[in-house]
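J.: quick one, fold the following:
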Amino acid sequence: MLLAKERVKGAMCPPRLLLQSDQFPLALLQPGAPAWFPKGLWSDPSPRAGKSGRGEAGGQWRGAIIAKAARSGQWGGDRHPALCVYGFSSVTGQFPPQHLLSFPISQPLPHATPIVGGLRPGMSIYVQGTVPHHTKRFRVNFSCGPQKGADIALHFNPRFDSGDKIVLNSFQQGKWAKEEHEHNMPFHEGEPFELLFTITPEGYQIMVNRTPCCEFQHRIPPERVQVVEADGDLELQSLNVIGGGMMGGGGMYYPQPGMLGMQPNMPPPPTSLPMMAGPASFHPQVPYVANFPGGLTSKKTVVVKGLVPQGAKSFRINFKMGYSKDIALHINPRLNEKTVVRNSLLNGQWGSEERELPHNPFQPGQYFDLSIRCGNRRFKVFANGQPLFNYNHRFHNFQQIDTLEINGDVVLSYVQF
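T.: Next comes the predicted model:
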C-alpha cells in the first residue's frame, strides 16, 4: 500500500492511495458510511452511484482497489470527498465494469531516474504521463547531481498559470540563466502525453505526442547529467532512459522510484527487468514485424510502448517461429470484451485461452508500457511497471522464436529488444 497524506483545507487526505489485495477491510469507510464518487464514474447503471454519484460503503471490498483522494472542488460543489474506491462491494455483491479496475498506476513524485555514466548523443529520455485537470505547472530537470542546488543542464517547465507556455532554462553555480520560451503549448489538461528528449551533439530535440516541439542548445555538457527528475502537477506513468546502457550499445534502465537521495557514484539498484541490448525503434508503423537475431534467449526482454486509440477493438502481439506460421505467445487485448487473451498456435491448432488478470492496462485513449521477459519455463509480462501475467512455455524450444509481429488497433511509440 502506498499512502501519502497532504492537508486539504484542514483535513488530512491521501492524494494517492494504491491498494492491491485480495481482501481489504475498509477501515477508512465504515459500513453504511456515505462514499462520494465522481459523476459519470460508472458507465453502467449502478445502485451505488446514481445521478448524485453517492453510494454506501460496504464492510469490505475485494479485488484490485484503486483509491484516489479528490482535490478540493474537483468532484462537485463544495464537498470534499476523501476517497474514490473501485472494487467489489459486499453490499451489492457485484463487481463494477472491469475497466474501472484498470487505471494507469502513477509514480510517486518527485521521481528521479539515475543516468549511469551521463548522457551522450544518441541517447533518449522517454516520459509517459497525464496532465491533470486544474494543473499549474510541472517540470523535468536534467540535473548534474542528486543533491539540492546541483547544476541543471536542462529545465523543461510547461506552465499553465502564466500564458500556456514552456519555459526552458539551465541552472549553474547557484543561478538561473536566460529563459527560452515555447508558446505553442502541446500539453492539454486532462489528457495523456508522451514526451521524448533526444540528445544530439548540439543539444536536446524535444517531441511531444510524436510532433517536434522545441530544441535546447547545450549549455552544460550532457555527460555531466546524473539524474533526470520529474515533479509538479503531473501524473507520471513512466520515465525511461533509452540507449547508452551498461551492456554497451543501446539499453533501457527501469529505475526504482524515489532515488533522490542516491550517491553520485552509487550503482543502480537491482530491478525486476534487465536492460535491453538492442536499439529502440521509435514510432514504427503497424503492422510491425521484426526479427530476433539468434532467437529468444533466457532473460531476453521485449519492450513495447504504445497508445490504444479511441474506438480500438483489438490488437495482437505475436511471438512466432519464422519457419512456420506457429505462434508461441499470442497476446490479444480485446477492447470490446475488456479482456486480454493469451494463447499459442502450434501445429496449426489454437490451444486453451488464458484470460485472468489482476488488472487490464489497455484502455482507449491511454498509453501503455509492456515488457515481455522470456524465462526458462515461462514468459513474465509486466505492464506499466507492475506484474501482469505469467505464461508457461507451450513451445519449449524458445530459441527458435525469432519473429515479433504486432498488428491491429494500436499506435506504437517504440519497440526495443
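
J.: Provide the secondary structure category for Glu223.
T.: The three-state label given to Glu223 by DSSP: H, G, I helix; E, B strand; the rest coil is helix.

J.: what does the model give it for pLDDT?
T.: As predicted, Glu223 sits at a pLDDT of 96.

J.: just give the number of residues close to it.
T.: By other C-beta atoms under 10 Å, the residues close to Glu223 number 14. For the C-beta atoms, the positions are set from N, CA and C on the backbone; glycine is no exception.

J.: tell me the contacts of it?
T.: 117-120 (C-beta atoms under 8 Å, 6 or more residues apart in numbering).

J.: highest neighbour count among those?
T.: Leu119 (26 neighbours).

J.: that residue against Phe142, yeah?
T.: Yes. Between Leu119 and Phe142 there is a contact under C-beta atoms under 8 Å: 7.3 Å.

J.: find residues that contact each of the two.
T.: Joint contacts of Leu119 and Phe142 (C-beta under 8 Å, 6+ apart) are 222, 225.

J.: distance check, the spatially closest residue to Val411 that is not a sequence neighbour against Phe171.
T.: Distance criterion C-beta to C-beta, 6 or more residues apart in numbering; nearest residue to Val411, sequence neighbours excluded, is Leu307 at 4.4 Å. Per C-beta to C-beta, to the nearest Å, Leu307 is found 33 Å from Phe171.

J.: equivalent analysis for Gln416, please.
T.: 32 Å.

J.: neighbour count for those two, which is higher?
T.: More neighbours surround Gln416 than the other of Gln416 and Phe171, with 23 against 20 (other C-beta under 10 Å).

J.: local confidence estimate at the more buried one?
T.: We have a pLDDT of 88 for Gln416.

J.: number of residues surrounding the residue lying closest to it once chain neighbours are set aside?
T.: In space, and not counting its chain neighbours, Gln416 is closest to Ala280: 4.1 Å by C-beta to C-beta, 6+ apart. Ala280 has 21 neighbouring residues, counting by other C-beta under 10 Å.

J.: so Ala280 touches Met123, yeah?
T.: No. Counting by C-beta under 8 Å, Met123 is not a contact partner of Ala280; they are 10.3 Å apart.

J.: overlap in contacts, the two.
T.: 242-243.

J.: coming back round to it: which among the contacts of Glu223 gets closest to Val228?
T.: Nearest to Val228 among the contacts of Glu223 is Leu119, at 8.7 Å by C-beta to C-beta.

J.: just list the residues touching that closest one, thanks.
T.: Residues near Leu119 by C-beta under 8 Å, 6+ apart: 142, 199, 222-223, 225, 244.

J.: residue ranges of each domain in the chain, please.
T.: Following automatic domain parsing, one gets these domains for the chain: 2-101, 111-253, 281-416.

J.: quickly, which of these bottoms out on average pLDDT?
T.: In terms of mean pLDDT, the lowest-scoring of the domains of the chain is domain 2-101 (a mean of 34).

J.: and Phe398, its phi and psi?
T.: Main-chain torsions, Phe398, degrees, to the nearest 10: phi -70, psi -10.

J.: so the nearest residue to it once chain neighbours are set aside is in which element?
T.: The spatial neighbour of Phe398 that comes closest, neighbours along the chain excluded (C-beta to C-beta, 6+ apart), is Leu296 at 4.8 Å. Leu296 is part of no helix or strand when elements are defined by DSSP states H and E.

J.: cool, and the one 10 residues further on?
T.: When elements are assigned from DSSP H and E, Gly306 belongs to strand 301-307.

J.: now for that strand, which elements pack on it?
T.: If you count contacts as 3 or more C-beta pairs under 8 Å, 6 or more residues apart in numbering; DSSP states H and E, strand 301-307 packs onto strand 192-199, strand 367-374, strand 411-416.

J.: and with 7 Å instead?
T.: Here strand 301-307 touches strand 367-374, strand 411-416, going by 3 or more C-beta pairs under 7 Å, 6 or more residues apart in numbering; DSSP states H and E.

J.: sheet partners, orientation included, of that strand?
T.: strand 367-374 (antiparallel), strand 411-416 (antiparallel) (DSSP bridges).

J.: now the shortest one and strand 192-199, what's the angle there?
T.: Yep, that's strand 411-416 we're talking about. 40 degrees (axes from the mean of the first three to the mean of the last three C-alpha atoms, to 10 degrees).

J.: buried subset of the contacts of Leu119?
T.: Among the contacts of Leu119, those buried by neighbour count (16 or more other C-beta atoms under 10 Å) are 142, 199, 222, 225, 244.

J.: using TSV, lay out those residues together with distance to Leu109.
T.: As requested, the buried ones among the contacts of Leu119 are arranged in TSV below (distance: C-beta to C-beta, whole Å):
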residue	distance to Leu109
Phe142	17
Ile199	24
Pro222	24
Val225	20
Gly244	25
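
J.: quick check: of these, which lies closest to Ser352?
T.: Nearest member of the buried ones among the contacts of Leu119 to Ser352, counting by C-beta to C-beta, is Gly244, at 42.7 Å.

J.: returning to that earlier point: please save the CA atoms from the helix or strand following the strand holding Gly306 in CSV.
T.: Using DSSP H and E, the helix or strand that follows strand 301-307 towards the C-terminus is strand 315-320. The C-alpha coordinates for strand 315-320 follow below in CSV (Å, rounded to 0.1, in the frame of the first residue of the first chain):
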residue,chain,number,x,y,z
PHE,A,315,-4.7,-5.7,-31.4
ARG,A,316,-2.2,-8.6,-31.3
ILE,A,317,1.4,-9.1,-30.2
ASN,A,318,2.7,-12.4,-31.6
PHE,A,319,6.0,-14.2,-30.9
LYS,A,320,6.4,-16.5,-33.8
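
J.: direction included, what does strand 315-320 pair against?
T.: strand 327-334 (antiparallel), strand 403-408 (antiparallel).

J.: right, and the helix or strand after the first one?
T.: Note on strand 327-334: by DSSP H and E, the next helix or strand toward the C-terminus is strand 339-346.

J.: buried set for that next one?
T.: For strand 339-346, by 16+ other C-beta under 10 Å, it's 339-340, 342-345.
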